[in-house]
Each structure stands twice: as structure tokens, then as C-alpha cells.
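> Whatever this is, show me its structure:
(one chain, ligands or ions: 1)
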Amino acid sequence: MASVLTEAFLDLFYPHTCPMCGQYIEDNAPAVPQRERILCGDCLHALPRTEQALIQDNDTEMTLWGSARSRAAAKKVLHLDHAAAFLFFEKEHPVQDMIHAMKYAERPEIGFYLGKQAAIEFQYTGFFDGIDVIMPVPLHPKRLRERGYNQSEYIAAGLSRITGIPIDTTHLTRIKNTPKQALQRGEQRKQNVSGAFAVNHPEQMYHKHILLVDDLLTTGETVRSCLSAMRLFRGAVFSVFALCKAR
Ligand SMILES: [Zn+2]
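Model prediction:
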């Protein structure tokens, strides 16, 4: 899939404005290609980082544990090793505009950029140690056709670019087209994503350590539903990277 992320393709998006503050990004530093500078310097500095890669039993992990309720239980039930989000997501915060542009305004390169930035910052914590493969949460084929791209795939591509860990988009698929989650709550959301995912050729993923990549983690139901489908990957262990975690 990385072929869609060719430099020439990314060049189509430029020039542009900073998706957080709207400031025009000028091509005033030719040493760094303009496509590498998605955010202005001020916004890059001000990103609401969670620092969760350094925190054991962080908020993202506890959200994913769900009814497992403890690190040990999550490891046993979900085969979950570790998890972290890069940024906090808050409504009415400029991050919301940026994520919206990434998901709905045809600026997937924001995902690629933030994936790379997160990998650069997480790398020294050991977050990627032992991971064999990176898997973005898939979109349903119908949704993918409508949107034209899977934003989580771009985030995963950014992580992969820095870490060198390969991406896989074939072994996990979405078989149920669920309504947009932003419009739902609690129990309804849980029912909607239950059984939404399926796996292909699970035997090829036996005993792998898989990093699942999501764009915005809220209740954790989508990720738990993926983990549930991937139980067929015998002996596999899972970790989770979320670009954003809702507070
Ligand atoms: Zn800015």
C-alpha cells in the first residue's frame, strides 16, 4: 500500500496552510521539502502531547482494558501488551480542526506527518521494540470508496517510515459498515462494532507482535473488536498506537 504514498502523490497537496492555525506555510526553507512541513513551527511545538509512551497503566491502556480491568487481565483476555496515544483530542481545540481535515477534508498527508512525528518522539522510549508488523484499523470497503483513503493507513505509513517496521493491510478486514461513531454513545456503539472485523489467513500471523493503529480512540470499542477478531492469530501479542485519545 505504501506505493500510494509516493513523493509525487504527496506533492499534489501543496502549497497549503497549517491545519491547526490556518497560517500559510511558506516555502522559505527549501532544504526541507514543503511537503515535510505540515504544521507551522508554533503548532508543532504546541501539540497537546500525552507523554503516554512513558507511562505504564496510562489512560489509553486503561480505556482499552474495558471490562478486563487490570493489566494482567487485559494481557490474558485481549493479549494486549502496551498502548499509548500521541495526542489528546478535545472538542473546540485546534487539534479537532486538524483531525477533521485529516479524516474528511482530503488531507491524509496530515496522518502521515503526525505518524512520523509520533514515531520520532516515541522511538527512544522503546515503544516499538519487538513489534513485527503495523496494522491500521481497516475501513469498510464502502467507506473506503467514499472517502478515497484510510486515514489510519497514512498514520501507520508514517510510523513505518521512521521505524522501518512493515505495514500489513490484508490480514484484518472490516466486514460491517458501522454508522459514524461520533453520532453514537455507549451501548449502541458497542453493539455496532461487535463482529465488525474479520481476519484472513490467520496462520500467517501466528506468534507475531502486532501494533494496531487507530486515529481517534474514544471508548476503545473499535480496537477491542479488532483484537477480538485477531484472537485467531494464535500466540500473537498486540499493542496499540492511537494518534489521539479523547479526554
Ligand atoms: Zn499553525
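> tell me the secondary structure for the residue nearest the centre of the chain?
Nearest to the geometric centre of the chain sits Asp214, at 3.1 Å (C-alpha atoms, centre = their mean). Judged by DSSP: H, G, I helix; E, B strand; the rest coil, the three-state class of Asp214 is strand.
> who does it bridge with?
Ala242 (DSSP bridges).
> Roughly how far does it sit from the ion?
24 Å (C-beta to the ion, to the nearest Å). Using the backbone N, CA and C atoms, a C-beta is placed for each residue, glycine as well.
> List the contacts of that residue.
136-137, 152, 222-223, 240-243 (C-beta atoms under 8 Å, 6 or more residues apart in numbering).
> same question, Thr173
By C-beta under 8 Å, 6+ apart, the neighbours of Thr173 are 138, 197-200.
> What values do phi and psi take at it?
phi -130, psi 160 (degrees, to the nearest 10).
> what bridges to it?
Under the criterion used here (DSSP bridges), Thr173 is bridged to Ala198.
> Which pLDDT value goes with it?
You'll see Thr173 listed with a pLDDT of 97.
> got it, and Arg234?
So Arg234 comes in at 97 (pLDDT).
> wait, it sits on Lys208?
No - contact between Arg234 and Lys208 fails when scored by C-beta atoms under 8 Å: they sit 10.1 Å apart.
> and those two? which has more neighbours close in?
When Arg234 and Lys208 are compared for neighbours, Lys208 comes out ahead with 19 against 10, by other C-beta atoms under 10 Å.
> Show me what stretch 122-136 is in contact with.
Under C-beta under 8 Å, 6+ apart, the answer for stretch 122-136 is 53-54, 82, 84, 86, 119, 150, 152-153, 155-156, 159-160, 162-163, 165-169, 171-172, 205, 208-214, 239, 241.
> first to last residue in that stretch, what's the distance?
18 Å (C-alpha to C-alpha, to the nearest Å).
> And that stretch, what's buried?
Across stretch 122-136, burial judged by 16 or more other C-beta atoms under 10 Å covers 122, 127-128, 131, 133-136.
> Pull up the residues of the protein that are close to the ion.
The chain comes close to the ion at residues 18, 20-21, 23, 40, 43, as judged by C-beta under 5 Å from the ion.
> Tell me who's in contact with the nearest residue to His140 once chain neighbours are set aside.
The shortest distance from His140 to any non-neighbouring residue, by C-beta to C-beta, 6 or more residues apart in numbering, is to Asn177 (3.9 Å). Counting by C-beta under 8 Å, 6+ apart, Asn177 makes contact with 140, 142-143.
> again with Arg161
Contacts for Arg161 (C-beta under 8 Å, 6+ apart) come out as 112, 115-116, 119.
> among the residues you listed, which two are most distant?
Phe112 and Ala119 (10.9 Å; C-beta to C-beta).
> Now for the two: what residues contact both?
By C-beta under 8 Å, 6+ apart, the residues touching both Phe112 and Ala119 are 158, 161.
> Can you report how many residues neighbour the spatially closest residue to Leu216 that is not a sequence neighbour?
Nearest non-adjacent residue to Leu216, counting by C-beta to C-beta, 6+ apart: Cys244, 4.7 Å away. Using other C-beta under 10 Å, Cys244 has 26 neighbouring residues.
> Can you classify Cys244 as helix, strand or coil?
Secondary structure assignment for Cys244 (three-state DSSP): strand.
> Same list, the contacts of Asn177, but as TSV with pLDDT, secondary structure and neighbour count please.
Compiled in TSV, the contacts of Asn177 are given as follows (pLDDT from 0 to 100; DSSP: H, G, I helix; E, B strand; the rest coil; neighbours: other C-beta atoms under 10 Å):
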residue	pLDDT	secondary structure	neighbour count
His140	95	coil	16
Lys142	94	helix	10
Arg143	93	helix	14
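> Lovely, talk soon.
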